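Asks: Predicted structure and sequence below. I'll ask about it afterward.
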Amino acid sequence: MSPSELIIGAGDGSVVKVNRKSMKIEEEAKVPGGVCALGTTSRSLFIVSTRGTVFNVRHADPLNKLEYFSSGHSQQIK
């Protein structure tokens, strides 16, 4: 991810990469459920869905090349 890019996650599961100067969508992907968190490391972008699933994509790869990373409980445990 470069400084000229902006990553946006939405409640419908859409994740888009936007060019900051032109404000045009460059890439997009979709995760099941809504996006509730985005995180980044030096190598990857992590996307957490409202269904408790975590996906990652390397910065060098296209955004739609999401890989399953892990999952957890999306509701409280009784």
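Replies: On my side now, so go ahead.

Asks: what ranges of this structure fall below the confidence cut-off?
Replies: Flagging of the chain using pLDDT under 70 yields the residue ranges 1, 74.

Asks: try 90 this time
Replies: 1-5, 52, 70-78 (pLDDT under 90).

Asks: So for it, the centremost residue is which one?
Replies: residue 47 (3.7 Å; Cα atoms, centre = their mean).

Asks: Show me what that one is bridged to.
Replies: residue 38, residue 55 (DSSP bridges).

Asks: unless I'm mixing things up, it is touching residue 35, no?
Replies: Yes. Assessed by Cβ atoms under 8 Å, residue 47 is found in contact with residue 35 at 6.0 Å. Quick note: C-beta positions are derived from backbone N, CA and C, even for glycine.

Asks: which residues do these two both contact?
Replies: Contact with both residue 47 and residue 35 is made by residues 9, 15, according to Cβ atoms under 8 Å, 6 or more residues apart in numbering.

Asks: which stretches of this protein form strands?
Replies: Counting by DSSP state E, the chain has strands at residues 5-9, 14-19, 25-30, 35-40, 44-49, 53-58, 67-71.

Asks: of all those, which gets the most neighbours per residue?
Replies: Mean neighbour count (mean count of other Cβ atoms under 10 Å) peaks for strand 44-49 among the strands of the chain, with a mean of 20.
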